[in-house]
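1. A predicted structure for the sequence below; I have some questions about it.
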There are 2 protein chains.
Amino acid sequence: MPEIRRDPLSGRISLIAPERGQRPTDFSVSEEKVEPIRCPFCPGNEELTPPEVLRIPEEGPWRVRIVPNRYPALSPEAAPPAGGDEFFAAEAGLGHHEVIIETPEHQKSLERFSPEEVRLLFEAFRKRARGLLDQKRWAYLLFFKNRGRRAGASLSHSHSQLLALPFLPPLLERELRRAEEFYRRTRRCLLCELADREAHGPRLIHLSPHFVAFQAFAPRQPLETWILPRFHSPNFFSLPPEMEIDLARVLLRVLQLLEKTLPQFPYNLVFHLEPPSTPELPYFHWHLELIPSLTRVAGFEWGAESYIVPLRPEEAAAFLRDQNP
Amino acid sequence: MPEIRRDPLSGRISLIAPERGQRPTDFSVSEEKVEPIRCPFCPGNEELTPPEVLRIPEEGPWRVRIVPNRYPALSPEAAPPAGGDEFFAAEAGLGHHEVIIETPEHQKSLERFSPEEVRLLFEAFRKRARGLLDQKRWAYLLFFKNRGRRAGASLSHSHSQLLALPFLPPLLERELRRAEEFYRRTRRCLLCELADREAHGPRLIHLSPHFVAFQAFAPRQPLETWILPRFHSPNFFSLPPEMEIDLARVLLRVLQLLEKTLPQFPYNLVFHLEPPSTPELPYFHWHLELIPSLTRVAGFEWGAESYIVPLRPEEAAAFLRDQNP
C-alpha cells in the first residue's frame, strides 16, 4: 500500500509506493563507460588540469590532489552581471569550484580504498577547507562526489568536488531551521535524536563504535543511505583521527554493501557539513547522505519537489543487512 | 562569467555557468527506444489497462482516454501505515494516480498534434478534474507529462499523468507564499508582473494574443521554458474555448521550436495549477513549466537544492527566436 512520509530533518515528502514488488537488485542500471584517451587525473598527465591548489604529500608522488575545476560553476573573479534588479535578482557567481583527485590509481574506485586512504581524503578536505575559510569570503563549503555518468560524473577516475559558496544552500537553511525548532521544543539535537532512533530501528544497516548507517526514512531514491555520528559532533573538521578512521570504515562498508547489491551503481555522496560561521551549534551536526541514481527525476519531482520511491526503506535495509558479512 | 540567480516565483537558486561555450544544439541527447510488443495505449489493446475512468467522445472510437495508473504512487483505498509517530511522520498514501492517453495514434508525439487535438486534451483534464474535485477529498491536482526515458517515461505512446494529492505540493506552497508576500508589498499579482516583464524582455520566445512563452530566468535545466497567461487568470479550468485554442497553439509552437533545436528531446511538462480550494486568488495564477531532461541531477543539486545550468537563458532565447518561422 502506498504511504506518504515526511523526512524529519528536511521536511521533504516522499511517496513510498512499492506496488511493483521490486527487490533492491531490480534497480540495477547499466552504463556505457566513456574513457578519455588521456585521463587528466592520472599521474604523468598533471599538465592537463589547472595548477593544483593542494597535494598530499607535499613532496614526492602525490596520493591526493586538489585542482580547480576546468569548467567552474563559480569563480573567485566573477564580475557582477549586467542585468538584474530587485525582481530578477542576479549577482556575481563568486566562489571556488575544485576537484579532489582521490587516488593516483585510475581503476581504483572508492569502495576499494583502504580505510587509511579514505581518511587521507578527509584530511585533504580539512586542509583545503582551512585554506578557503581563511579567506573569510564564503558562507558554505559543499563537498560532494558524483560517481557514474547517470550521477553526473564525466570522468571515471575516482574524484570528488568542492564548491565554496557565497550563500547558504537552501536545503541546509531548511535543515538548520527545522533542527533549531526541534531543539527549542525538546532541548535535544534533532540529529542526535535521529541517530539514536535509527541505531535500533528497522532501517539500520550498520553500527560502529561512533557512527550509524541506515536507510533514509523518506528517501529521494531507492537505497538512499545516511551516515550519522552517534555522539553530538557539530564540527566535522575537528574529528579526532580514530573517529576519522571509524567513519572511513563505515563509509566503505556502506559502499561495499550497495556495490554487492547493484554492481557499479551510479551515486551522489553529499557531505552535509555545518555552516563554517556557526561551528558549534547545540542543535545541528554534520552527516553524510548517499543517493544512488536509480530512478529518474520526472514530472512529479519537478512539479511537487516531492519524490516517488518504489522501494520501502525497511525492505532495502533488511536486504542490505543480509548481505553484511 | 558565472552568475547566481534567484527565480522570482519559487525563490530557487541557479548558478548560470556557460563557461564551456555550449550552444543550445550541443545539449542533444540520444536514447534507445524500447517498445513493448503490444502497446497498452493503442486501440484494440484496451484490456491491457485498468478500466477507463473517462473517454472522449463517450461513444464510438475514442480520441482521449483516462485510465488508472497500473503502478499507482497513491491509491484511494490506501490504509494507514503500521509505523509512524510524531518524529517519523507517515500517513496513508491516499490519492489517485491516472494516465491520460492523449491520442489513439501510437507514433504521433505531442508536437505533431493539431491545436484542436491539444484543446481536446485540456477538455479531458477539465472533465476529469471536475470528477475528482467533486469527491472533496483532494488538496491538489498535479497534471504532468514525461516524454522520453531520460525524463521518466516508460512508454513512448503519447500520454500524460494526473495525481490527485491529499497535500499541497511543497513547491506550490512556496510559490503561493512568495506570491502573497509580493502582493502585500506591491498590490500586484507576481505572475502578472512576470508575464508583463517577459513579454518585452531578452528571454521572450513567443507572444500570442493571450499568452507569453519565455526562457525561465533561473532555470533548472538548459532551455527550460515557461508559458504564462498575459491576463490575470486564476482558474485554469474556466478558460474560454478561444483561449484554450490559443494556449494549444503556443504550447505547440514551443514544442516545435525545441524539437527543431534538439530532435526527440526528453522533457517534463508540469501544469502549475491553482489549488482547487482557492480558485480565485488575486495574487496567483496557473502557468506551464516545460523542463527538458538534458543535464543530470547530481551532487550539487541534491546537496544544495540549487541548480548548475551551463547555458544562459538569454542566449537560448535568441537561438530559439531565430528558429521561429
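-> Thanks, I have it.
2. Just list whatever residues bridge to A:I308.
-> A:L15 (DSSP bridges).
3. What is the neighbour count of it?
-> By other Cβ atoms under 10 Å in any protein chain shown, 22 other residues sit near A:I308. Every residue, glycine included, has its C-beta placed from N, CA and C.
4. Check A:H232 too.
-> Neighbour count for A:H232, taken as other Cβ under 10 Å: 15.
5. what does A:L223 give?
-> A:L223, neighbours per other Cβ under 10 Å, totals 27.
6. Could you do A:P275 as well?
-> By other Cβ under 10 Å, neighbour count at A:P275 equals 16.
7. now do A:P276
-> A:P276, neighbours per other Cβ under 10 Å, totals 17.
8. Alongside chain B, which residues does the stretch 1-150 of chain A contribute?
-> Residues of the stretch 1-150 of chain A lying close to chain B (Cβ under 8 Å from any Cβ of the partner chain) are A:1-6, A:8, A:11-13, A:15-17, A:19-20, A:71-75, A:78-79, A:81, A:83-84, A:87-95, A:142, A:144-146, A:149-150.
9. hey, what's the residue nearest to the spatial centre of chain A bridged with?
-> Nearest to the geometric centre of chain A sits A:V270, at 1.2 Å (Cα atoms, centre = their mean). Counting by DSSP bridges, A:V270 is bridged to A:F144, A:E289.
10. What separation do you get for it and B:Q221?
-> 20 Å (Cβ to Cβ, to the nearest Å).
11. same deal with A:A248?
-> 35 Å.
12. ok, the two, which is more surrounded?
-> B:Q221 (24 against 20).
13. Can you name the residues that contact the more buried one?
-> B:Q221 sits next to B:291-295, B:307, B:309 when contact means Cβ atoms under 8 Å, 6 or more residues apart in numbering or on different chains.
14. Kindly identify which of the residues you listed also come near chain A.
-> Okay, of the contacts of B:Q221 touching chain A (Cβ under 8 Å from any Cβ), that's B:291, B:293, B:295.
15. Can you tell me which of those residues is nearest chain A?
-> Nearest to chain A among those is B:I291, at 5.2 Å by Cβ to the nearest Cβ.
16. Report the rounded mean pLDDT for the longest helix along chain A.
-> Longest helix in chain A by number of residues (criterion: DSSP state H): helix A:241-261. Average pLDDT, helix A:241-261: 97.
17. Flag every buried residue along it.
-> A:243-255, A:257-259, A:261 (16 or more other Cβ atoms under 10 Å in any protein chain shown).
18. which strands and helices sit next to that helix?
-> Helices and strands touching helix A:241-261, by 3 or more Cβ pairs under 8 Å, 6 or more residues apart in numbering or on different chains; DSSP states H and E, are helix A:115-133, strand A:204-207, strand A:211-215, strand A:225-229, strand A:287-292, helix A:313-323.
19. Tell me which of these sits nearest to B:H210.
-> strand A:287-292 (41.4 Å; Cβ to Cβ).
20. So which other helices or strands are in contact with that closest one?
-> strand A:225-229, helix A:241-261, strand A:267-272, helix B:299-304.
21. quick one: the third one to chain centroid distance?
-> On the basis of Cα atoms, centre = their mean, to the nearest Å, strand A:267-272 sits 1 Å off its chain's mean C-alpha point.
22. and if you look at the shortest one?
-> Centroid displacement of strand A:225-229 relative to its chain, using Cα atoms, centre = their mean, is 10 Å.
23. Return the angle between stretch directions for it and helix A:241-261.
-> Put simply, strand A:225-229 runs at 170 degrees to helix A:241-261, going by axes from the mean of the first three to the mean of the last three Cα atoms, to 10 degrees.
24. dump the residue contacts of A:A179.
-> A:9, A:189-191, A:281, A:283-284.
25. Name the nearest of these relative to chain B.
-> A:L190 (9.0 Å).
26. Can you give me every residue that contacts the closest one?
-> When contacts are taken as Cβ under 8 Å, 6+ apart, A:L190 is in contact with A:8-9, A:178-179, A:182-183, A:283-284.
27. switch to 10 Å and redo it
-> A:8-9, A:175-176, A:178-183, A:283-285, B:87 (Cβ atoms under 10 Å, 6 or more residues apart in numbering or on different chains).
28. Of these, which is the most crowded?
-> A:F284 (26 neighbours).
29. Just want the phi and psi numbers for that one.
-> phi -140, psi 140 (degrees, to the nearest 10).
30. Is the nearest residue to it once chain neighbours are set aside in a helix, a strand, or coil?
-> Spatial nearest neighbour of A:F284, excluding adjacent residues (Cβ to Cβ, 6 or more residues apart in numbering or on different chains): A:A179 at 4.6 Å. Assigned with DSSP: H, G, I helix; E, B strand; the rest coil, A:A179 falls in the helix class.
31. what number of residues lie near A:S10?
-> Neighbour tally, A:S10, other Cβ under 10 Å: 18.
32. Equivalent analysis for A:L165, please.
-> 24.
33. quick one on the thing from earlier: of the contacts of B:Q221, buried ones?
-> Here, 16+ other Cβ under 10 Å leaves B:291-295, B:307, B:309 buried among those.
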